[in-house]
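Trainee: Show me the folded form of this:
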Amino acid sequence: MMLFRRRVEIHTQQSGEVRAALEDDFHHFRVSIQHEQEIVTFIRGYAVRYPYTACPGAALPLEALVGMPLSDVAHSVTRATDGRHQCTHMLDLAGLAIAAAARQIHDLIYDVSVPQRTDGRTSPVLWRDGREYLQWQVNGTLIEGPAPYCGIDLNHGMAAWAINTLEPEEAEAALLLRRCTTISRGREYDLDSVGHAAKTGLCYSQQPGRAEQALRMKGSTLDFTNHAEQLCASDQDWFAGLEPNPPLQKQQNV
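Mentor: Here you go, the predicted model:
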């Protein structure tokens, strides 16, 4: 059975810089942040593998997070900037890095797998630092179990419910698992058959006026079903400080 997989790794350097990477079937991004006196003073995003040619340009609007206070709620980044004009996944990763800095977490790894759906059902699992942390039974967009998630709809009000109901670390994990469960459905389509991003207005590349120029990066979807160890493998030298931060990537003419 095919699995959608995602790994998120976060590591703090001796200098205090927090480096975070995210890799899944469709994406591979990096984010680095620096902070002083519990304020974000520097943030930079890097697109390694991405679905549309416009995606690297989302590194620039990510800098809107400079000046925000550190928060142990990763979702707080959505109050500091308009997510519709950001790369969804770079913004999520930035939120996780900022939350790790706020909690003074030196190293953190999340792994997620979402099995291919059968009759609309799937059982996504999230591991935190190698230990199973969450597992759901999902039917369509509805979580059927276990408690306290029974009856929660992935697409309607879950973020507010999680933040107001769960402890910050569990809410963070639950919203990461929600994101993966939702986007895993991309495995059900031939994404390379579409020439450019859709004009949904939901993210940087899908903004009207940019979407038609955001061309599909054909062949950018990978399959990690039997190769989970490859996720974020190419980021290890960067985490170890052996590889410097790459130059800022800018998307031209969009």
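
Trainee: what about residue 89, distance to residue 244?
Mentor: For residue 89, the distance to residue 244 equals 23 Å [C-beta to C-beta, to the nearest Å]. For glycine as for every other residue, the C-beta is placed from the backbone atoms N, C-alpha and C.

Trainee: One more: residue 213?
Mentor: Computed as C-beta to C-beta, the residue 213 to residue 244 distance reads 30 Å.

Trainee: neighbour count winner among these two?
Mentor: residue 213 (16 against 8; other C-beta atoms under 10 Å).

Trainee: Which helix or which strand is home to the closest residue to residue 41 other than its chain neighbours?
Mentor: With C-beta to C-beta, 6 or more residues apart in numbering as the measure, residue 34 is the residue that lies nearest to residue 41, at 5.3 Å, once sequence neighbours are left out. If you go by DSSP states H and E, residue 34 is part of strand 28-36.

Trainee: Name the residues that touch the next helix or strand after that strand?
Mentor: Moving toward the C-terminus from strand 28-36, the next helix or strand (DSSP H and E) is strand 39-49. Under the contact criterion C-beta atoms under 8 Å, 6 or more residues apart in numbering, strand 39-49 has outside partners 23, 27-35, 55-56, 58-59, 62-63, 65-70, 87, 90, 93-94, 98, 217, 220, 222, 234, 245-246, 248-249.

Trainee: what about the strands in the stretch 1-150 of the chain?
Mentor: 3-12, 18-24, 28-36, 39-49, 107-115, 121-122, 125-128, 131-135, 137-139, 142-145 (DSSP state E, counting those that start in this stretch).

Trainee: Please name the strands paired to the second one in the sheet, noting orientation.
Mentor: By that I understand strand 18-24. Partner strands for strand 18-24, per DSSP bridges, with pairing direction: strand 3-12 (antiparallel), strand 28-36 (antiparallel).

Trainee: which residues touch residue 176?
Mentor: Taking C-beta under 8 Å, 6+ apart, one finds 8, 92, 96, 110, 112, 126 in contact with residue 176.

Trainee: Could you give the average pLDDT over the helix or strand where it lies?
Mentor: Following DSSP H and E, the helix or strand that holds residue 176 is helix 168-183. When pLDDT is averaged along helix 168-183, the result is 97.

Trainee: The very next helix or strand once past it packs against which elements?
Mentor: Once the chain leaves helix 168-183, the next helix or strand it forms, by DSSP H and E, is helix 236-239. In terms of contacts (3 or more C-beta pairs under 8 Å, 6 or more residues apart in numbering; DSSP states H and E), helix 236-239 is packed against strand 18-24.

Trainee: if I averaged out where everything in this structure sits, which residue would be nearest that spot?
Mentor: residue 89 (3.7 Å; C-alpha atoms, centre = their mean).

Trainee: That one is in contact with residue 29, isn't it?
Mentor: Yes - the pair residue 89 / residue 29 is scored as a contact, 5.7 Å apart, by C-beta atoms under 8 Å.
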